[in-house]
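# Predicted model follows, preceded by the sequence.
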Amino acid sequence: MMEVVALDAPLGARIEGLDRSRANEPDVAAVLNRALAEHLLVVIPGDRMTPEQTRIFSAAFGTPQKQLLRYKRSGGVPDVSIMVSTLMADGTTDKTAIRAEDWHTDDSYFAVPAKATLLHGIEIPSRGGATWFCNMHSVYEALPEATRKRLDGLRSVHGYDTPRARNRPSPRTPEEIAETPDVEHPLVRTHPETGRKALYLNPNRLDRIVGLERAESDALLDELADEARKPRHHHGHVWNVGDIVVWDNRATMHRVVIDYPVGETRVMQRVLIEGDRPF
């Protein structure tokens, strides 16, 4: 029998006893989506799946969408991306993995960002490589009241790249560039299912706050990021082969720790779930 077990952490729940083949049944999918909205992160242990099985399972959380970068799409199942982040002898990984070392939320450079991300562990190093998550509801609620009032109504510009990011992103094709003009989002967004407010940050993509001079904008974004980096908002998931982890991009950030052994393969399947325009 399926059970949602809350983690002893600022966010997250483990789904025990789920028959993955039943995930798309309406009553099961409803439980999974309630758990995601309430806990922001769900961990579902099990066996490795094919890209097609992963795509079918992901539909329990909504409509799968193709990711921007075509070269990561999985051949005959383009809704599934293959994320390879094996650490090479020269100290490099896939560029996406290097970017993923810093806190971020997926797809914020789109006008309608992904609701959720599903990651499925296919090949996992013998140690290291945890994925850390940040509860952006608790980050917002931890801010001083004066700061929360200051954020009321502020909007920010997100882009595929920004000088504020620590590392440059993967190059885009002309088609991909055309699909990703800069967009504006509220700096504080309201979760459409729970009504809770969350700080909507993305250090990899968030360039500036609309209406502020660059220096003032940078100072405020740095202040907000400092709160988000406090461990009291975080939980780290240590991967096992076959794990499925789904997180709510509307109220979380995440990052990977690249501390696993050189040459040990790290491969994930990823699916993005269509979302709504932030408000």
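That came in fine, so what should we check first?

# I'd like the distance between Ala6 and Asp207.
36 Å (Cβ to Cβ, to the nearest Å). Using the backbone N, CA and C atoms, a C-beta is placed for each residue, glycine as well.

# Between these two, tell me which one has more neighbours.
Neighbours around Ala6 and Asp207, counted as other Cβ atoms under 10 Å, are more numerous at Asp207. The numbers are 20 against 12.

# any chance you could map the helices in the stretch 51-200 of the chain?
For the stretch 51-200 of the chain, applying DSSP state H, counting those that start in this stretch gives helices covering 51-58, 95-99, 136-142, 145-151, 174-178.

# Can you add distance to Asp218 and mean pLDDT and give these back as CSV?
Formatted as CSV, these follow (distance: least, Cβ to Cβ, whole Å; pLDDT from 0 to 100):
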stretch, distance to Asp218, mean pLDDT
helix 51-58, 37, 98
helix 95-99, 20, 53
helix 136-142, 18, 98
helix 145-151, 15, 97
helix 174-178, 25, 93
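
# out of those helices, nearest to Asp222?
Taking Cβ to Cβ, helix 145-151 is the member of the helices of the stretch 51-200 of the chain nearest to Asp222, at 12.7 Å.

# Identify each buried residue in the closest one, please.
Leu151 (16 or more other Cβ atoms under 10 Å).

# Show me what that helix is packed up against.
If contacts are counted by 3 or more Cβ pairs under 8 Å, 6 or more residues apart in numbering; DSSP states H and E, helix 145-151 sits against no helix or strand.

# Next up, the contacts around the closest residue to Asp152 other than its chain neighbours.
Counting by Cβ to Cβ, 6 or more residues apart in numbering, Asp152 lies nearest to Val188, which is 7.5 Å off, once chain neighbours are set aside. Val188 makes contact with Tyr140, Arg148, Leu151, Asp152, Leu154, Lys197, Ala198, Leu199, Tyr200, according to Cβ atoms under 8 Å, 6 or more residues apart in numbering.
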